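> How does the following fold in three dimensions:
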Amino acid sequence: MGDAGQDLLERAVAGDRDALALLLRQHAPGLARSLKGRIPPRWRSVLSVDDVLQQAFADAFLGIQRFSSHSIEAFAKWLRVIAKRNLCNALEMLETEKRGGNHQRILDHRIAGSIANLLETISTGEAPPSQNLARKDARRALAREIRQLPEIYRCVVRMYDYEGRPAEEIASNLNRSTGAVYMIRARALDHLRERLGSGSQYLSGQ
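Numbering: from 1, shown residues only. Next up is the predicted model:
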């Protein structure tokens, strides 16, 4: 790829979306090869390598300006890490759903524990009156951060976590695979966790 690839990377990091799109197309075959055989046979009807690539590329568009290296090799490694993380997230959620696991939805363990505890308190109404303000702050902060999510993430969280729709129905509505829905949800929860931070940051609205 040489100097041409280096130039594309520099332009992509500077905000040139066309340069990033071309760079991703060039890396797609190698990234697909790195994922070959990683999807267990039992999930290949609901999740494909193309699903994983699509989400990895979407994440790259969201995060490219935070990419700090000028190395094209580092960029390729960054893409592989993103793709494999998304695949692991999707497989974990598929396995959990198959086992009939945790259906707390937005109280998922991926959100920081202090936040989950606050939200659980909100749902049960068992907190003493002195915690009422904290509960309201928690609810407002979470709603605010959900509104800031990219549209596709927001749609999945709304339909899956708040409306309780099955992943298969959401996939049909969004013209995505079921596995892709789980990947998108995992990324949405990661974004919320990053934005909400610790309990003190969460309640102060930082």
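> hey, let's count contacts and neighbours off CA atoms from now on
Will do.
> Can you name the residues that contact the nearest residue to L35 once chain neighbours are set aside?
Distances taken as CA to CA, 6 or more residues apart in numbering put V49 closest to L35, at 6.8 Å, once the chain neighbours are dropped. V49 is in contact with A32, L35, K36, I39, counting by CA atoms under 8 Å, 6 or more residues apart in numbering.
> if I look at V49, how far off is A58?
Counting by CA to CA, to the nearest Å, the separation of V49 from A58 is 14 Å.
> which residues of this protein fall in helices?
Using DSSP state H, the helices assigned to the chain run over residues 2-13, 17-35, 49-63, 72-98, 113-124, 132-147, 151-157, 167-174, 178-196, 199-204.
> out of those helices, deepest packed?
Of all these, helix 178-196 has the most neighbours on average by mean count of other CA atoms under 10 Å, namely a mean of 22.
> Can you tell me what sits against that helix?
The contact list for helix 178-196 (CA under 8 Å, 6+ apart) reads 46-48, 51-52, 55, 86-87, 89-91, 93-94, 110-112, 141-142, 145-146, 149, 152-154, 156-157, 167-168, 170-171, 202, 206.
> Where does pLDDT dip in the chain?
Along the chain, the model assigns pLDDT under 70 to residues 1-2, 100-136, 138, 197-206.
> tell me the domain ranges of it?
In terms of domains, the chain is parsed into 2-98, 105-204 (source: automatic domain parsing).
> any chance of the contacts of V49 in CSV, with distance to A12 too?
Formatted as CSV, those follow (distance: CA to CA, whole Å):
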residue, distance to A12
A32, 21
L35, 24
K36, 27
I39, 30
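> Quickly name whichever of these is closest to L20.
Nearest to L20 among the contacts of V49 is A32, at 17.4 Å by CA to CA.
> Please report how far the nearest residue to that closest one once chain neighbours are set aside lies from S177.
The shortest distance from A32 to any non-neighbouring residue, by CA to CA, 6+ apart, is to V49 (6.6 Å). V49 sits at a distance of 11 Å from S177 (criterion: CA to CA).
> Likewise for Y153?
15 Å.
> and what of L23?
Taken as CA to CA, the span from L23 to S177 is 25 Å.
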